[in-house]
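1. only geometry, no sequence info:
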């Protein structure tokens, strides 16, 4: 992965702790220093050093994130597609909820709706309207979206902005596009509110500006994915605020981590 600088809003001065035989977290969740070193080796230097500087805090947050339903933390990107027939079993229509929607065919997973409604209520209390513009997309629907992008902008540009079928987070039923779905959304009241507050409700910006080489897509200020509050804390404190780094780490290391957690006293 490319080396990056930590975002200013989470950068802090850290003192490296001495090596120990084991790196321990809450409730007996441990991995060896050798294992943690190997797991973090592919990460950018600044992020790796941050994790190793406070192993206990990292494993505490990691354990809490792993307590989230596993299907919230599935890696979906250009190299890790979903099956064509994958569809969430609990999709519900956004028409059944008091939300502002741009279309009448929007759906999300039922399990995500409590967080959606809590976030929308908080935004409304702050005088902000969240417009839900896109949500769940089937494999076939994403194929149509991608084909339209290719026809409009050419394949090279389309691949920077539109996922090929099976490779879109929208197929998970936990991703939402808000507002105008344009770069201008970042400077709207809703765009600024989401950037500051979405994480409080478990939503993470999937494609931050300046990380195209990491995520595979140019910045999308409108695209948020629900990963749960615990995973957002892990992402912000330990992975530089970059969802892709966290998801790749969990994808590669999940089996070992689950095995260690199963051995907790």
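-> It's in. Worth saying up front: this structure is predicted, and the values here are computed from it rather than measured.

2. From the contact counts, what lies against the helix or strand hosting residue 119?
-> In the assignment (DSSP states H and E), residue 119 maps to helix 113-125. On a contact count with 3 or more CB pairs under 8 Å, 6 or more residues apart in numbering; DSSP states H and E, helix 113-125 meets helix 189-197. C-beta coordinates here come from the backbone N, C-alpha and C atoms, glycine included.

3. Tell me the predicted confidence for residue 36.
-> Listed pLDDT for residue 36 reads 95.

4. Would you confirm that it belongs to a strand?
-> No - according to DSSP: H, G, I helix; E, B strand; the rest coil, residue 36 belongs to no strand; its state is helix.

5. what's the burial count for it?
-> Residue 36 sits with 20 neighbouring residues when counted by other CB atoms under 10 Å.

6. roughly how far apart are it and residue 184?
-> Taking CB to CB, to the nearest Å as the measure, residue 36 falls 42 Å from residue 184.

7. which residues does residue 74 contact?
-> Neighbour list for residue 74: 82, 172 [criterion: CB atoms under 8 Å, 6 or more residues apart in numbering].

8. Quick check: it vs residue 178, distance?
-> Residue 74 is 22 Å from residue 178, where distance means CB to CB.

9. Same question for residue 145.
-> From residue 145 to residue 178 the distance is 17 Å (CB to CB).

10. Mind checking which of these two has more residues around it?
-> Each of residue 145 and residue 178 has its neighbours counted (other CB under 10 Å); residue 178 has more, 24 against 18.

11. give the contact list for the more buried one.
-> Going by CB under 8 Å, 6+ apart, residue 178 touches 130-133, 185, 190-191, 194, 222, 224.

12. repeat that for 10 Å
-> Residue 178 makes contacts with 100, 102, 130-134, 185, 188, 190-191, 193-194, 198, 203, 221-224, as judged by CB atoms under 10 Å, 6 or more residues apart in numbering.

13. so what's residue 259 scoring on pLDDT?
-> Predicted confidence (pLDDT) for residue 259: 89.

14. same deal with residue 20?
-> pLDDT for residue 20: 37.

15. With the one 5 residues further on instead?
-> At residue 25, the model reports a pLDDT of 45.
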